[in-house]
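Colleague: Sequence first, then the predicted structure:
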Amino acid sequence: MTTIDPTPAAAISALATWYMEWGVETATTDTPADWYAAAAAARERLLRDRPRAAGDAPASRGGPAPVRGAALRDGRAPAPAVPRADPAAVDPLSPEGAAALARSHAGAAQSLAELEQAIRAFEGCALKATASNTVFADGNPEADLMLVGEAPGAEEDRRGLPFVGQSGRLLDRMLKAIGRDRSSVYITNVLPWRPPGNRTPTPVEIAACLPFALRHIALVRPKLVVAVGGVSAKALLDRPEGITRLRGRSATLDLPGLAGPLPVFATFHPAYLLRQPAQKRLAWGDWLRIAEILEKQSSPVP
Ligand code: URA
(Lines give C-alpha, C1' and ligand atoms only; values in the text may rest on other atoms or scores of the structure.)
Protein backbone atom coordinates (compact mmCIF):
# COMPACT_ATOMS: atom_id res chain seq x y z
CA MET A 1 0.00 0.00 0.00
CA THR A 2 1.31 3.51 -0.82
CA THR A 3 1.92 5.65 2.24
CA ILE A 4 1.71 9.41 1.91
CA ASP A 5 4.44 11.36 3.66
CA PRO A 6 2.70 14.43 5.11
CA THR A 7 5.81 16.67 5.41
CA PRO A 8 5.66 19.67 3.03
CA ALA A 9 9.11 19.01 1.53
CA ALA A 10 8.21 15.43 0.70
CA ALA A 11 4.84 16.52 -0.71
CA ILE A 12 6.47 19.19 -2.91
CA SER A 13 9.08 16.72 -4.09
CA ALA A 14 6.36 14.17 -4.90
CA LEU A 15 4.40 16.81 -6.80
CA ALA A 16 7.51 17.87 -8.76
CA THR A 17 8.25 14.23 -9.62
CA TRP A 18 4.65 13.75 -10.74
CA TYR A 19 4.92 16.85 -12.97
CA MET A 20 8.23 15.63 -14.44
CA GLU A 21 6.72 12.24 -15.21
CA TRP A 22 3.97 13.99 -17.13
CA GLY A 23 6.52 16.01 -19.08
CA VAL A 24 5.93 19.28 -17.24
CA GLU A 25 9.46 20.52 -16.71
CA THR A 26 9.31 24.26 -17.39
CA ALA A 27 7.48 27.07 -15.64
CA THR A 28 6.25 29.29 -18.48
CA THR A 29 4.64 32.01 -16.36
CA ASP A 30 4.75 33.21 -12.75
CA THR A 31 1.02 32.75 -12.39
CA PRO A 32 -1.11 29.73 -13.28
CA ALA A 33 -2.47 29.87 -16.83
CA ASP A 34 -5.66 28.33 -18.13
CA TRP A 35 -4.32 26.67 -21.28
CA TYR A 36 -7.75 25.27 -22.12
CA ALA A 37 -9.09 28.84 -22.32
CA ALA A 38 -6.06 29.92 -24.40
CA ALA A 39 -6.61 26.98 -26.78
CA ALA A 40 -10.34 27.75 -27.02
CA ALA A 41 -9.59 31.42 -27.82
CA ALA A 42 -7.10 30.31 -30.48
CA ARG A 43 -9.76 28.10 -32.06
CA GLU A 44 -12.17 31.05 -32.07
CA ARG A 45 -9.58 33.21 -33.82
CA LEU A 46 -8.89 30.41 -36.28
CA LEU A 47 -12.56 30.17 -37.19
CA ARG A 48 -12.97 33.95 -37.37
CA ASP A 49 -9.86 34.64 -39.45
CA ARG A 50 -9.99 31.86 -42.00
CA PRO A 51 -10.58 32.80 -45.62
CA ARG A 52 -14.24 32.38 -46.52
CA ALA A 53 -13.78 31.10 -50.07
CA ALA A 54 -11.05 30.12 -52.50
CA GLY A 55 -8.55 32.93 -52.94
CA ASP A 56 -10.24 35.28 -50.46
CA ALA A 57 -7.95 37.31 -48.30
CA PRO A 58 -8.31 36.54 -44.60
CA ALA A 59 -10.79 38.85 -42.96
CA SER A 60 -8.46 40.44 -40.43
CA ARG A 61 -4.91 40.56 -39.10
CA GLY A 62 -5.07 36.76 -38.94
CA GLY A 63 -3.58 36.41 -42.41
CA PRO A 64 -0.57 37.63 -44.30
CA ALA A 65 -0.33 41.07 -45.84
CA PRO A 66 -1.32 41.41 -49.50
CA VAL A 67 1.29 40.45 -52.05
CA ARG A 68 3.75 43.27 -52.48
CA GLY A 69 6.38 41.53 -54.56
CA ALA A 70 9.43 42.69 -52.61
CA ALA A 71 12.68 41.38 -54.07
CA LEU A 72 14.58 39.06 -51.76
CA ARG A 73 18.02 39.12 -53.25
CA ASP A 74 19.62 41.84 -55.28
CA GLY A 75 18.57 41.56 -58.86
CA ARG A 76 16.39 38.51 -58.25
CA ALA A 77 12.69 38.50 -58.79
CA PRO A 78 10.49 37.47 -55.86
CA ALA A 79 9.27 33.90 -55.79
CA PRO A 80 5.87 33.89 -57.48
CA ALA A 81 2.88 33.35 -55.24
CA VAL A 82 1.88 29.74 -54.86
CA PRO A 83 -1.63 28.93 -56.06
CA ARG A 84 -3.80 28.99 -52.96
CA ALA A 85 -5.77 26.01 -51.74
CA ASP A 86 -9.39 26.45 -50.90
CA PRO A 87 -9.33 26.58 -47.10
CA ALA A 88 -13.08 27.07 -47.05
CA ALA A 89 -13.50 23.57 -48.43
CA VAL A 90 -12.25 21.94 -45.22
CA ASP A 91 -12.94 22.31 -41.52
CA PRO A 92 -10.19 24.62 -40.20
CA LEU A 93 -10.27 22.81 -36.87
CA SER A 94 -9.42 19.47 -38.48
CA PRO A 95 -5.79 18.48 -39.11
CA GLU A 96 -6.39 18.70 -42.88
CA GLY A 97 -8.00 22.11 -42.44
CA ALA A 98 -5.08 23.46 -40.44
CA ALA A 99 -2.61 22.21 -43.06
CA ALA A 100 -4.72 23.70 -45.88
CA LEU A 101 -4.87 27.02 -44.05
CA ALA A 102 -1.11 26.92 -43.54
CA ARG A 103 -0.56 26.21 -47.26
CA SER A 104 -2.82 29.10 -48.16
CA HIS A 105 -1.17 31.60 -45.82
CA ALA A 106 2.37 30.41 -46.54
CA GLY A 107 1.79 30.43 -50.30
CA ALA A 108 0.63 34.04 -50.20
CA ALA A 109 3.79 35.29 -48.46
CA GLN A 110 6.06 37.10 -50.87
CA SER A 111 8.86 38.02 -48.51
CA LEU A 112 10.39 36.70 -45.32
CA ALA A 113 8.73 39.52 -43.38
CA GLU A 114 5.34 38.49 -44.74
CA LEU A 115 6.04 34.86 -43.97
CA GLU A 116 7.05 35.67 -40.40
CA GLN A 117 3.89 37.73 -40.00
CA ALA A 118 1.78 34.86 -41.37
CA ILE A 119 3.39 32.35 -38.99
CA ARG A 120 2.93 34.62 -35.98
CA ALA A 121 -0.75 35.05 -36.89
CA PHE A 122 -1.34 31.33 -37.55
CA GLU A 123 -3.62 29.60 -35.06
CA GLY A 124 -3.71 26.16 -36.64
CA CYS A 125 -1.02 24.54 -34.47
CA ALA A 126 -1.75 23.95 -30.80
CA LEU A 127 1.95 24.20 -29.90
CA LYS A 128 1.68 27.96 -30.21
CA ALA A 129 -0.48 28.10 -27.08
CA THR A 130 2.17 26.60 -24.81
CA ALA A 131 5.25 28.20 -26.40
CA SER A 132 6.74 31.41 -25.02
CA ASN A 133 8.00 32.60 -28.39
CA THR A 134 7.60 32.04 -32.10
CA VAL A 135 11.06 31.07 -33.35
CA PHE A 136 11.37 32.20 -36.95
CA ALA A 137 15.01 32.16 -38.05
CA ASP A 138 18.58 33.28 -37.43
CA GLY A 139 21.57 33.98 -39.62
CA ASN A 140 21.95 35.46 -43.05
CA PRO A 141 18.96 35.13 -45.42
CA GLU A 142 21.34 35.78 -48.33
CA ALA A 143 23.46 32.73 -47.45
CA ASP A 144 23.85 29.87 -49.90
CA LEU A 145 23.43 27.32 -47.09
CA MET A 146 20.15 26.93 -45.21
CA LEU A 147 19.81 24.63 -42.20
CA VAL A 148 16.40 23.34 -41.19
CA GLY A 149 16.14 21.76 -37.74
CA GLU A 150 13.23 20.16 -35.94
CA ALA A 151 11.72 22.57 -33.40
CA PRO A 152 12.87 25.00 -30.74
CA GLY A 153 14.03 23.63 -27.40
CA ALA A 154 13.77 25.34 -24.01
CA GLU A 155 16.53 27.91 -24.60
CA GLU A 156 15.33 28.67 -28.13
CA ASP A 157 11.79 29.13 -26.81
CA ARG A 158 13.05 31.57 -24.17
CA ARG A 159 15.20 33.60 -26.58
CA GLY A 160 13.13 33.32 -29.75
CA LEU A 161 16.07 32.11 -31.85
CA PRO A 162 16.84 28.69 -33.34
CA PHE A 163 19.73 26.53 -32.15
CA VAL A 164 20.98 28.69 -29.31
CA GLY A 165 20.95 25.98 -26.61
CA GLN A 166 23.32 23.09 -26.02
CA SER A 167 22.76 21.49 -29.43
CA GLY A 168 23.10 24.90 -31.06
CA ARG A 169 26.53 25.26 -29.53
CA LEU A 170 27.59 21.93 -31.04
CA LEU A 171 26.06 22.98 -34.37
CA ASP A 172 28.10 26.20 -34.24
CA ARG A 173 31.27 24.15 -33.66
CA MET A 174 30.46 21.89 -36.63
CA LEU A 175 29.81 24.93 -38.81
CA LYS A 176 33.08 26.49 -37.68
CA ALA A 177 34.88 23.32 -38.74
CA ILE A 178 33.81 24.01 -42.33
CA GLY A 179 34.57 27.72 -42.09
CA ARG A 180 31.02 28.92 -41.51
CA ASP A 181 29.18 30.82 -38.83
CA ARG A 182 25.79 32.48 -38.50
CA SER A 183 26.79 35.25 -40.87
CA SER A 184 27.22 32.69 -43.66
CA VAL A 185 24.31 30.33 -42.99
CA TYR A 186 20.58 30.78 -42.49
CA ILE A 187 18.85 28.66 -39.85
CA THR A 188 15.25 27.77 -39.19
CA ASN A 189 13.16 24.81 -38.00
CA VAL A 190 10.25 22.80 -39.40
CA LEU A 191 8.21 23.91 -36.38
CA PRO A 192 8.37 27.47 -35.07
CA TRP A 193 7.00 26.52 -31.64
CA ARG A 194 8.50 24.33 -28.94
CA PRO A 195 6.73 21.04 -28.23
CA PRO A 196 6.23 20.89 -24.43
CA GLY A 197 9.05 19.06 -22.71
CA ASN A 198 10.89 18.79 -26.07
CA ARG A 199 8.76 15.85 -27.06
CA THR A 200 8.83 14.76 -30.69
CA PRO A 201 6.28 16.75 -32.69
CA THR A 202 3.23 14.78 -33.81
CA PRO A 203 2.49 14.16 -37.52
CA VAL A 204 -0.47 16.58 -37.21
CA GLU A 205 1.75 19.35 -35.81
CA ILE A 206 4.34 18.73 -38.50
CA ALA A 207 1.69 18.82 -41.25
CA ALA A 208 0.34 22.13 -39.92
CA CYS A 209 3.76 23.80 -39.89
CA LEU A 210 5.52 22.22 -42.87
CA PRO A 211 3.94 24.52 -45.51
CA PHE A 212 5.58 27.48 -43.75
CA ALA A 213 8.98 25.75 -43.67
CA LEU A 214 8.73 24.87 -47.38
CA ARG A 215 7.73 28.41 -48.29
CA HIS A 216 10.59 29.67 -46.09
CA ILE A 217 13.02 27.63 -48.19
CA ALA A 218 11.43 28.82 -51.46
CA LEU A 219 11.73 32.46 -50.39
CA VAL A 220 15.37 32.16 -49.26
CA ARG A 221 16.36 30.09 -52.29
CA PRO A 222 19.64 28.77 -50.88
CA LYS A 223 21.97 26.66 -52.99
CA LEU A 224 21.81 23.81 -50.49
CA VAL A 225 19.39 22.87 -47.72
CA VAL A 226 20.70 20.78 -44.85
CA ALA A 227 17.99 18.88 -43.01
CA VAL A 228 19.27 18.66 -39.45
CA GLY A 229 17.93 15.51 -37.82
CA GLY A 230 15.36 12.86 -38.60
CA VAL A 231 12.19 14.91 -38.12
CA SER A 232 13.40 17.56 -40.54
CA ALA A 233 14.76 15.05 -43.08
CA LYS A 234 11.56 12.99 -43.12
CA ALA A 235 9.33 16.05 -43.34
CA LEU A 236 11.29 17.90 -46.02
CA LEU A 237 11.95 14.84 -48.15
CA ASP A 238 8.55 13.28 -47.46
CA ARG A 239 10.22 9.96 -46.71
CA PRO A 240 9.34 7.35 -44.10
CA GLU A 241 12.93 6.22 -43.40
CA GLY A 242 14.87 7.27 -40.31
CA ILE A 243 17.87 9.57 -40.30
CA THR A 244 20.42 6.73 -40.30
CA ARG A 245 19.12 5.81 -43.77
CA LEU A 246 18.50 9.33 -45.03
CA ARG A 247 21.74 10.96 -43.86
CA GLY A 248 24.71 11.38 -46.12
CA ARG A 249 22.61 11.00 -49.27
CA SER A 250 21.95 13.72 -51.77
CA ALA A 251 18.30 14.38 -52.54
CA THR A 252 16.30 17.17 -54.10
CA LEU A 253 13.22 19.13 -53.21
CA ASP A 254 10.76 20.46 -55.77
CA LEU A 255 9.09 23.60 -54.52
CA PRO A 256 6.50 25.77 -56.24
CA GLY A 257 8.03 29.07 -57.23
CA LEU A 258 11.53 27.71 -57.83
CA ALA A 259 13.02 27.25 -61.28
CA GLY A 260 14.41 23.79 -60.54
CA PRO A 261 14.93 21.16 -57.85
CA LEU A 262 16.83 22.26 -54.78
CA PRO A 263 19.59 20.01 -53.40
CA VAL A 264 18.92 18.72 -49.89
CA PHE A 265 21.39 16.90 -47.67
CA ALA A 266 20.40 15.25 -44.41
CA THR A 267 22.61 14.81 -41.39
CA PHE A 268 22.36 13.88 -37.72
CA HIS A 269 20.84 16.27 -35.22
CA PRO A 270 23.44 17.69 -32.80
CA ALA A 271 21.24 16.63 -29.86
CA TYR A 272 21.60 13.04 -31.09
CA LEU A 273 25.36 13.49 -31.41
CA LEU A 274 25.51 14.74 -27.82
CA ARG A 275 23.86 11.50 -26.75
CA GLN A 276 25.79 9.31 -29.20
CA PRO A 277 29.26 10.88 -29.55
CA ALA A 278 30.52 7.84 -31.48
CA GLN A 279 28.38 9.02 -34.41
CA LYS A 280 30.32 12.29 -34.65
CA ARG A 281 32.71 10.58 -37.04
CA LEU A 282 29.89 10.04 -39.55
CA ALA A 283 28.61 13.56 -38.95
CA TRP A 284 32.05 14.97 -39.65
CA GLY A 285 32.00 13.17 -43.00
CA ASP A 286 28.58 14.71 -43.71
CA TRP A 287 29.79 18.24 -43.03
CA LEU A 288 32.85 17.73 -45.24
CA ARG A 289 30.49 16.58 -47.99
CA ILE A 290 28.28 19.65 -47.43
CA ALA A 291 31.31 21.92 -47.78
CA GLU A 292 32.30 20.05 -50.96
CA ILE A 293 28.82 20.41 -52.53
CA LEU A 294 28.81 24.15 -51.82
CA GLU A 295 32.32 24.58 -53.17
CA LYS A 296 31.42 22.75 -56.41
CA GLN A 297 28.35 24.92 -56.81
CA SER A 298 30.27 28.14 -56.42
CA SER A 299 33.25 27.26 -58.64
CA PRO A 300 32.91 28.62 -62.19
CA VAL A 301 31.95 26.08 -64.85
CA PRO A 302 35.09 25.47 -67.00
N1 URA B 1 16.76 21.57 -31.93
C2 URA B 1 16.24 21.94 -33.12
O3 URA B 1 15.94 21.11 -33.96
N4 URA B 1 16.11 23.23 -33.35
C5 URA B 1 16.43 24.16 -32.48
O6 URA B 1 16.27 25.35 -32.77
C7 URA B 1 16.97 23.76 -31.26
C8 URA B 1 17.13 22.45 -30.99
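Modeller: Yep, that arrived.
Colleague: what does the protein have sitting close to the ligand?
Modeller: By the rule C-beta under 6 Å from any ligand atom, the part of the chain lying against the ligand is 149-153, 156, 162-163, 165, 167-168, 189, 229, 271. Just so you know, the C-beta spots here come from the backbone N, C-alpha and C atoms, and that holds for glycine as well.
Colleague: shaky segments in the stretch 201-302 of the chain?
Modeller: Along the stretch 201-302 of the chain, the parts satisfying pLDDT under 70 run over 300-302.
Colleague: Could you rerun that using 80?
Modeller: 299-302 (pLDDT under 80).
Colleague: Okay, strands next: where are they in it?
Modeller: If you assign secondary structure with DSSP state E, counting those that start in this stretch, the strands in the stretch 201-302 of the chain sit at 224-228, 250-253, 262-267.
Colleague: In JSON lines, list these along with mean neighbour count.
Modeller: Putting the strands of the stretch 201-302 of the chain into JSON lines (neighbours: other C-beta atoms under 10 Å) gives the following:
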{"stretch": "strand 224-228", "mean neighbour count": "25"}
{"stretch": "strand 250-253", "mean neighbour count": "14"}
{"stretch": "strand 262-267", "mean neighbour count": "23"}
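Colleague: how about the helices in the protein?
Modeller: 8-21, 35-49, 95-108, 112-121, 127-130, 154-159, 166-177, 203-220, 230-237, 243-246, 270-275, 280-298 (DSSP state H).
Colleague: Distance to Leu255 added to the ones you listed, as a markdown table?
Modeller: As requested, the helices of the chain are exported to a markdown table (distance: least, C-beta to C-beta, whole Å):
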| stretch | distance to Leu255 |
| --- | --- |
| helix 8-21 | 41 |
| helix 35-49 | 26 |
| helix 95-108 | 11 |
| helix 112-121 | 13 |
| helix 127-130 | 24 |
| helix 154-159 | 25 |
| helix 166-177 | 24 |
| helix 203-220 | 4 |
| helix 230-237 | 10 |
| helix 243-246 | 18 |
| helix 270-275 | 26 |
| helix 280-298 | 17 |
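Colleague: Same list, those, but as CSV with mean neighbour count and distance to Pro263 please.
Modeller: As requested, those are exported to CSV (neighbours: other C-beta atoms under 10 Å; distance: least, C-beta to C-beta, whole Å):
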stretch, mean neighbour count, distance to Pro263
helix 8-21, 11, 42
helix 35-49, 14, 36
helix 95-108, 23, 22
helix 112-121, 19, 21
helix 127-130, 19, 29
helix 154-159, 19, 26
helix 166-177, 17, 18
helix 203-220, 22, 11
helix 230-237, 23, 12
helix 243-246, 17, 14
helix 270-275, 17, 21
helix 280-298, 14, 7
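Colleague: residues touching the closest residue to the ligand within the chain, list them.
Modeller: Using C-beta to the nearest ligand atom, Gly149 is the residue of the chain that sits closest to the ligand, at 2.9 Å. Applying C-beta atoms under 8 Å, 6 or more residues apart in numbering, we find Gly149 in contact with 162-163, 187-190, 228-229, 232, 269.
Colleague: pLDDT value on it, please?
Modeller: pLDDT, Gly149: 98.
Colleague: is it in a bridge, and if so with what?
Modeller: Here Gly149 sits in beta bridges with Asn189, as judged by DSSP bridges.
Colleague: wait, Ala129 sits on Ala40?
Modeller: No: judged on C-beta atoms under 8 Å, Ala129 makes no contact with Ala40 at a distance of 9.7 Å.
Colleague: Can you get me a residue count around Asn140?
Modeller: One way to gauge burial is a neighbour count; for Asn140, by other C-beta atoms under 10 Å, it gives 17.
Colleague: Quick check, it in contact with Asp181.
Modeller: No: if you go by C-beta under 8 Å, Asn140 and Asp181 don't touch, sitting 9.5 Å apart.
Colleague: what residues are up against the spatially closest residue to Asn133 that is not a sequence neighbour?
Modeller: Counting by C-beta to C-beta, 6 or more residues apart in numbering, Asn133 lies nearest to Gly160, which is 3.9 Å off, once chain neighbours are set aside. Shown here is Gly160, whose contacts under the criterion C-beta under 8 Å, 6+ apart are 133-136.
Colleague: Among the residues you listed, which one sits closest to Leu15?
Modeller: Ranking the contacts of Gly160 by separation from Leu15, with C-beta to C-beta as the measure, puts Asn133 on top at 27.2 Å.
Colleague: Phi, psi for the closest one please.
Modeller: Listed backbone geometry of Asn133 is phi -140, psi 150, with angles given as degrees, to the nearest 10.
Colleague: How many residues are close by it?
Modeller: Residues lying near Asn133 (other C-beta under 10 Å) number 15.
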